[in-house]
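Engineer: What follows is a predicted structure for the sequence shown.
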Amino acid sequence: MVQNDTVFAGSIPQFYDRLMVPLIFEAYAASMADDVAQLSPVSVLETAAGSGAFTRALAPRLSIGARYVVTDLNQPMLDYAASRQTADRRIAWQQADALDLPFEDAAFDVVCCQFGVMFFPDRVAGYAEARRVLRPGGHFVFSVWDRIEENAFADEVTNAVATVFPHDPPLFLARTPHGYHDVALIREELSRAGFADIRLSTRAEVSRAPSARHAATAYCHGTPLRGEIEARDASLLQFATDRATEAIASHHGEGPVAGKIQAHVIVALG
């Protein structure tokens, strides 16, 4: 992973939340929020919260007396997430590094992270921190994307944009969001962090968009792929988006489009 993979600044948070969240994140936010709610936690920590899609799904499912601390390393994303959340006295917003959490040992019943651990520069350290702040018997619940070939739009966008820059293809989507899909590696790294009871499920969903253009714009303008394109030639951002639009339309049609997405959801007992 390169440093720019973690940059969600400028207009990206708004594009990300308006376009990417309904495209690929909402379905998993709902199902993972159910997973967490079934544990009946009193204290919850969310790391790498991004624009708050999971926060919005989980908060209504928590008890009235729950404590919910929502964190992200990226302050602009955290600010945006807080602005999208209805007033809720149970929720505290705090900028925090998931690899160096500013919380006491055994402070939470559940630590959760939706599609964030792929961005950790040291996942074992991040897992060890999650385990440290979990009470004995607490749960670490998180999700990661499966390999890019199991995620239609991301794969098609990556291949299309590569034709614009054949000698230096932007590979953010394959490298980072879809770069941590090996279930054996996930289990091994969790074990190294001290987790013993590890349960993993692979879940397929359907990604839907009003048009191929909508889906292509989401990926090319609402993720750090935009920065990769602009670093090569900012004048080609729209051309790259056009190529991605054509690729998605060629596979899924000219009207509303639907494509497979797939992810792993992991529950590890602390």
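Structural biologist: Received, thanks.
Engineer: Give me the helices and strands touching the strand or helix carrying residue 161, please.
Structural biologist: Residue 161 belongs to helix 152-164 when assigned by DSSP states H and E. The contact analysis (3 or more Cβ pairs under 8 Å, 6 or more residues apart in numbering; DSSP states H and E) places helix 152-164 against helix 172-175, strand 197-209, helix 212-221, helix 225-233, helix 237-252, strand 257-269. Placement of C-beta: from N, CA and C, glycine included.
Engineer: Would you mind finding the most buried of these?
Structural biologist: helix 212-221 (a mean of 24; mean count of other Cβ atoms under 10 Å).
Engineer: what pLDDT, on average, does that helix get?
Structural biologist: Regarding helix 212-221, the rounded mean pLDDT is 94.
Engineer: mind saving the C-alpha coords of it as CSV?
Structural biologist: What follows is helix 212-221, C-alpha atoms only, in CSV (Å, rounded to 0.1, in the frame of the first residue of the first chain):
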residue,chain,number,x,y,z
ALA,A,212,-23.0,2.8,-15.8
ARG,A,213,-21.9,6.5,-15.6
HIS,A,214,-23.0,6.6,-12.0
ALA,A,215,-21.0,3.6,-11.0
ALA,A,216,-17.9,4.7,-12.9
THR,A,217,-18.1,8.2,-11.4
ALA,A,218,-18.3,6.7,-7.9
TYR,A,219,-15.1,4.7,-8.3
CYS,A,220,-13.1,7.4,-10.3
HIS,A,221,-14.2,10.4,-8.3
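Engineer: hang on, residue 43 packs against residue 66?
Structural biologist: Yes: using Cβ atoms under 8 Å, residue 43 is in contact with residue 66, at 7.0 Å.
Engineer: so what sits against both of those two?
Structural biologist: Residues touching both residue 43 and residue 66 by Cβ atoms under 8 Å, 6 or more residues apart in numbering: none at all.
Engineer: which outside residues touch the helix holding residue 161?
Structural biologist: Residues contacting helix 152-164 (Cβ under 8 Å, 6+ apart): 23-24, 145, 148-149, 169-171, 173-174, 177-178, 207, 209, 215-216, 219-220, 225, 229, 236, 239-240, 243-244, 246-248, 251-252, 257, 259-261.
Engineer: list the buried ones in that helix?
Structural biologist: 152, 153, 154, 155, 156, 157, 158, 160, 161, 162, 164 (16 or more other Cβ atoms under 10 Å).
Engineer: Now for the residues you listed: which two are most distant?
Structural biologist: 152 and 164 (19.6 Å; Cβ to Cβ).
Engineer: where in the chain is pLDDT low?
Structural biologist: Within the chain, the segments meeting pLDDT under 70 span 1-13.
Engineer: tell me the contacts of the residue most central in space within it?
Structural biologist: The centroid of the chain falls nearest to residue 115 when counting by Cα atoms, centre = their mean (2.8 Å). The contact partners of residue 115, taken as Cβ under 8 Å, 6+ apart, are 25, 28, 48, 50, 143, 144, 145, 177, 263.
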